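[1] Give me the fold of what follows.
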Amino acid sequence: RFYSDARYQDLAMIGTDAMAGMARWHWARTRERHAGEVCIAFETVTTYLEKGPVHQTAINIICDDMSFLVDSIAAELAALGYYIELFLHPSFRISTDKKGRIKAIDDESDESALIQSNMHIRLTSTVPEHQQKRIEGYLRQVLAEVQKATADWLPMREQIRNSQRGLSNAPSSYNEVDIE
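    Numbering: from 1, shown residues only. Next up is the predicted model:
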């Protein structure tokens, strides 16, 4: 399921060993992670392009799912001068028991399930180790800002829709006497 929405060409770039390692990393963090936590890890990987193998930096991120994640992260990386070769972004509904242990993944009937974003980003270059912590800090800041910006977004959107419905039932014209 992790790769179900990925294009074949993208998966061929990654290679099967790297795909397995990436899935293991995401699964291990998912089992440890609690709602609201952000997990970020950098690694140097080999990508198989037409011109041959290329070393690149991969960034793996797990966080609560929110609107505008992909655009916000991509914009931040671009602002820092990095170009993205590949961006995978599967999301999962994680159901847990009272102790926080996973009891189901993608159970549509569980209304309390946490929707989790898993991201794997491959940059076109490598990021020196000493710069990775700085970039991680920027990414954490962006994720916090997106969380703040979207915390009330859905309730506000629903309120606007209710207002629209109310206005659509309003009369289209008024009697002069009613206005005064």
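
[2] State the distance from the residue nearest the centre of the chain to Ala18.
    For the chain, the residue nearest the mean C-alpha position is Ser117 (4.2 Å; Cα atoms, centre = their mean). Counting by Cβ to Cβ, to the nearest Å, the gap from Ser117 to Ala18 is 20 Å. Just so you know, the C-beta spots here come from the backbone N, C-alpha and C atoms, and that holds for glycine as well.

[3] The lengthiest strand in the chain: partners in the sheet, and parallel or antiparallel?
    In the chain, assigned by DSSP state E, the strand with the most residues is strand 52-64. Applying DSSP bridges to the sheet, strand 52-64 is found paired with strand 39-49 (antiparallel), strand 114-123 (antiparallel).

[4] and it, average pLDDT?
    For strand 52-64, the per-residue pLDDT values average out at 93.

[5] State the mean pLDDT of the next helix or strand along the chain from it.
    For strand 52-64, the following helix or strand on the C-terminal side (DSSP states H and E) is helix 69-79. For helix 69-79, mean pLDDT rounds to 97.

[6] Repeat that for stretch 143-162.
    85.

[7] I would like the residues contacting that stretch, please.
    Under the contact criterion Cβ atoms under 8 Å, 6 or more residues apart in numbering, stretch 143-162 has outside partners Val38, Ile61, Cys63, Asp64, Met66, Ser67, Phe68, Leu69, Ser72, Ile73.
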